[in-house]
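J.: coordinates only, sequence not included:
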């Protein structure tokens with residue numbers, strides 16, 4: 001079988017990975033010289049802890065298993081099973097964390113409510129003030145800036161993979177065929193459009209009523225911390241954002257203890273992970289209303305700096321980079337991704353909505369199984 005994958009981000013690359021692993025020939029087409037969207041502008045977290053139950057959690061757990069296997073085959077991914085800690089600072093936040101540990105699927109996630117001393121033993125960089133922490137053993141991380149090139153090098157070694165950058169696919173050219181802006185036609189037994197947040201052009205023509213929206217976020221990265229941050233770290237605002245934490249305790253927190261003004265205005269939570277070079281990736285915000293601003297604003301960065309310093313008990317290293325990114329999210333957030341046949345032998349896969357890095361291996365596996373690769 002010959003598979004054409006359009007899109008060089010993590011969802012597209014994982015579809016290429018699935019096809020090559022099953023013995024097929026793959027041509028992957030990317031309109032940029034390298035993928036530049038949400039697949040790079042993220043935390044690199046394989047984030048099981050906050051996922052909704054049911055299909056979403058099953059997908060995340062399967063993806064976590066696949067990531068670990070791929071990481072063993074491709075060490076340059078920088079896969080590490082670092083887990084996560086969410087420090088809590090008062091009784092209401094503690095109650096939400098405690099309720100999470102009583103979910104029927106808590107053991108599958110690796111939830112455990114630990115004391116502040118136990119949290120510091122697991123992550124000695126957390127010298128700040130907090131009362132306890134929610135530990136999630138199943139969370140992990142990879143390096144988002146290098147993941148796609150590392151995966152492509154492994155794919156190329158198979159002899160069944162070709163990467164064609166700098167080509168934008170403009171239209172369908174027949175069953176299982178697309179034409180790029182160089183005028184070249186690429187024909188296969190199946191075409192997968194994994195175009196991420198690029199929802200205009202051909203995607204709009206093929207799926208004009210696509211149930212997917214775009215979401216913008218801001219993030220930053222620091223100089224090296226100077227010591228290991230041995231786990232990923234979130235704050236209790238993540239309880240308000242992720243569906244796994246919905247409970248009566250969360251309702252009580254929301255009613256009695258609103259977010260800080262800046263955090264509420266920008267729909268914020270803290271997520272933080274250490275890169276292999278020692279720097280920290282820190283975020284994030286959520287903007288849903290179009291048109292998106294073209295610039296980044298400072299108040300969210302100031303808020304995040306304050307939260308991080310309260311957990312670390314020390315000043316944040318110098319910020320090296322700031323950026324904004326855009327990802328595609330299914331309007332029905334209970335769906336892990338939007339998968340739709342849009343032509344003869346052509347499928348569109350998009351909309352994981354901030355779950356792309358976490359779930360992409362399992363999303364691609366599902367596509368491969370459904371298409372009978």
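T.: Sure, I can see it. As the structure is a prediction and not an experimental result, all values here were calculated from the model.

J.: host element of residue 17?
T.: Counting by DSSP states H and E, the element that carries residue 17 is helix 10-21.

J.: next secondary structure after that helix?
T.: Next in sequence after helix 10-21, counting helices and strands by DSSP H and E, comes strand 25-30.

J.: okay, now the sheet partners of that following strand, with direction.
T.: Each strand that pairs with strand 25-30, with its direction, by DSSP bridges: strand 2-6 (parallel), strand 161-165 (parallel).

J.: model confidence over the first one, on average?
T.: Confidence for strand 2-6, expressed as mean pLDDT, is 98.

J.: and it, how far out from the chain's middle?
T.: 23 Å (CA atoms, centre = their mean, to the nearest Å).

J.: who touches that strand?
T.: With CB atoms under 8 Å, 6 or more residues apart in numbering as the test, strand 2-6 has contacts from 12-13, 15-16, 19, 24-29, 169, 176-178, 186-195, 373. C-beta here means a position set from N, CA and C on the backbone, and glycine is covered the same way.

J.: the protein: helices as residue ranges?
T.: Shown for the chain, the helices assigned by DSSP state H span residues 10-21, 55-73, 91-101, 106-109, 116-122, 144-156, 202-206, 237-241, 248-256, 261-265, 299-312, 356-371.

J.: next one: stretch 13-31 to chain centre, how far?
T.: 20 Å.

J.: identify each buried residue in it, please.
T.: For stretch 13-31, the neighbour count (16 or more other CB atoms under 10 Å) marks 13-21, 24-31 as buried.

J.: repeat that for stretch 171-181.
T.: Buried residues in stretch 171-181, counted by 16+ other CB under 10 Å: 172, 173, 176, 177, 178, 179, 180.

J.: just these now: which is nearest residue 332?
T.: Set against residue 332, the nearest of the buried residues of stretch 171-181 by CB to CB is residue 172 (26.3 Å).

J.: give the contact list for that closest one.
T.: Residue 172 neighbours (CB under 8 Å, 6+ apart): 178, 179, 202, 206, 343, 346.

J.: roughly how far apart are the first one and residue 143?
T.: Here residue 178 is placed at a distance of 30 Å from residue 143 (CB to CB, to the nearest Å).

J.: same question, the fifth one
T.: Between residue 343 and residue 143 the distance, using CB to CB, works out to 35 Å.

J.: and for the third one?
T.: Applying CB to CB, one obtains 31 Å for the distance of residue 202 from residue 143.

J.: more neighbours, those two?
T.: Each of residue 202 and residue 143 has its neighbours counted (other CB atoms under 10 Å); residue 202 has more, 23 against 18.

J.: my read is that residue 76 contacts residue 152, right?
T.: No: counting by CB atoms under 8 Å, residue 152 is not a contact partner of residue 76; they are 10.6 Å apart.

J.: and residue 53, how many neighbours?
T.: 15.

J.: can you give me every residue that contacts it?
T.: Taking CB under 8 Å, 6+ apart as the test, what residue 53 contacts is 103, 104, 105, 243, 244.

J.: list buried residues within these.
T.: Neighbour-count burial (16+ other CB under 10 Å) is assigned, among the contacts of residue 53, to 103, 244.

J.: of the contacts of residue 53, which is the nearest to residue 223?
T.: Scanning the contacts of residue 53 for proximity to residue 223, where the rule is CB to CB, the winner is residue 244, at 32.6 Å.
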